[in-house]
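S.K.: Coordinates for the following, if possible.
(2 chains)
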Amino acid sequence: GAGVSQSPSNKVTEKGKDVELRCDPISGHTALYWYRQSLGQGLEFLIYFQGNSAPDKSGLPSDRFSAERTGGSVSTLTIQRTQQEDSAVYLCASSLAKVTSGRSGPYNEQFFGPGTRLTVL
Amino acid sequence: GNSVTQMEGPVTLSEEAFLTINCTYTATGYPSLFWYVQYPGEGLQLLLKATKADDKGSNKGFEATYRKETTSFHLEKGSVQVSDSAVYFCALVMFSGGYNKLIFGAGTRLAVHP
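M.R.: Coordinates of the predicted model:
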């Protein structure tokens, strides 16, 4: 079946503009994650959704960043008043239902999309 | 806190050379350990994993052993190919609040030349 898709694949914007990044998870995956891959910074966790709710938003770097998920499916990451330091690749991942047992928990593999490369001029 | 440290790249090798990419971690509890690979122009893919001490993960000729005593999970391959050129990420998973939270290292770029 289809994997995780993200759009747009590339986005160039001017400083101060708002941008929206979209993620379509694998059908049936109730967990959805956003990560940011900055040059030289590796991958950092931004936010986790279980269904439409976001129990962990701890990775969002500032209040300019927000995300929502509707219908337990598509998610949108919005960055308001973009800054040059927001330039990065934004990755989305999805996985099966949340883990409910185990000391380390059975691992529900996260499947990643190809990412959206955001460039803020 | 929980973190992953991996060797900086880029790593440049000739085809058929031996590969080691070092990875160490800091974690409370009992993390599972992973190597992800990102081929040029593609999304991140799970390469291999190990869920407890002394486990060896393997896939596509790559291996890594979960060493609790040294808190390490080094990636190795005996004979690399040009097609192995990619960025490799070491990661750990902590079971936190009912879900698996991935924590990644900075990534190591591997370039293999014929």
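S.K.: Now do the contacts for the spatially most central residue of chain A.
M.R.: Closest residue to the average C-alpha location of chain A: A:W34 at 2.1 Å, with C-alpha atoms, centre = their mean. A:W34 sits next to A:C23, A:F45, A:L46, A:I47, A:G59, A:A67, A:S75, A:L77, A:Y90, A:L91, A:C92 when contact means C-beta atoms under 8 Å, 6 or more residues apart in numbering or on different chains. Glycine gets a C-beta too; all of them are placed from N, C-alpha and C.
S.K.: from the middle of its chain, how far away would the helix or strand it falls within be?
M.R.: Using DSSP states H and E, A:W34 maps to strand A:31-38. Mean-position distance between strand A:31-38 and its chain equals 4 Å (C-alpha atoms, centre = their mean, to the nearest Å).
S.K.: Flag the shaky bits of chain B, pLDDT-wise.
M.R.: Applying pLDDT under 70 to chain B flags residues B:96-98.
S.K.: and the longest strand for it?
M.R.: Longest strand in chain B, counting residues (DSSP state E): strand B:86-96.
S.K.: Check the offset of that strand from the chain's centre.
M.R.: Going by C-alpha atoms, centre = their mean, where strand B:86-96 is centred and where its chain is centred differ by 7 Å.
S.K.: With stretch A:85-94 instead?
M.R.: When C-alpha coordinates are averaged (C-alpha atoms, centre = their mean), stretch A:85-94 and its chain have centres 6 Å apart.
S.K.: And the contacts of it?
M.R.: Identification of contacts with stretch A:85-94 by C-beta under 8 Å, 6+ apart yields A:4, A:6, A:21, A:23, A:25-26, A:29, A:31-39, A:41, A:43, A:46, A:64, A:75, A:77, A:79, A:110-113, A:115-120, B:43-44.
S.K.: Mind giving me the packing neighbours of the helix or strand of chain A with the lowest mean pLDDT?
M.R.: When each helix and strand of chain A is scored by mean pLDDT, DSSP states H and E, strand A:53-56 comes last, with a mean of 87. With contacts taken as 3 or more C-beta pairs under 8 Å, 6 or more residues apart in numbering or on different chains; DSSP states H and E, strand A:53-56 sits against strand A:42-50, strand B:99-104.
S.K.: who does the longest strand of chain B pair up with?
M.R.: As defined by DSSP bridges, the strand partners of strand B:86-96 come to strand B:32-38 (antiparallel), strand B:99-104 (antiparallel), strand B:108-113 (antiparallel).
S.K.: Quick check: which of those has the most neighbours on average?
M.R.: strand B:32-38 (a mean of 25; mean count of other C-beta atoms under 10 Å in any protein chain shown).
S.K.: Figure out how far it is from the centre of its chain.
M.R.: On C-alpha atoms, centre = their mean, the centre of strand B:32-38 falls 5 Å from the chain's centre.
S.K.: now do stretch B:65-78
M.R.: 9 Å.
S.K.: which of the residues in that stretch are buried?
M.R.: Applying a neighbour-count criterion of 16 or more other C-beta atoms under 10 Å in any protein chain shown, one finds B:T65, B:Y66, B:R67, B:T71, B:S72, B:F73, B:H74, B:L75, B:K77 buried in stretch B:65-78.
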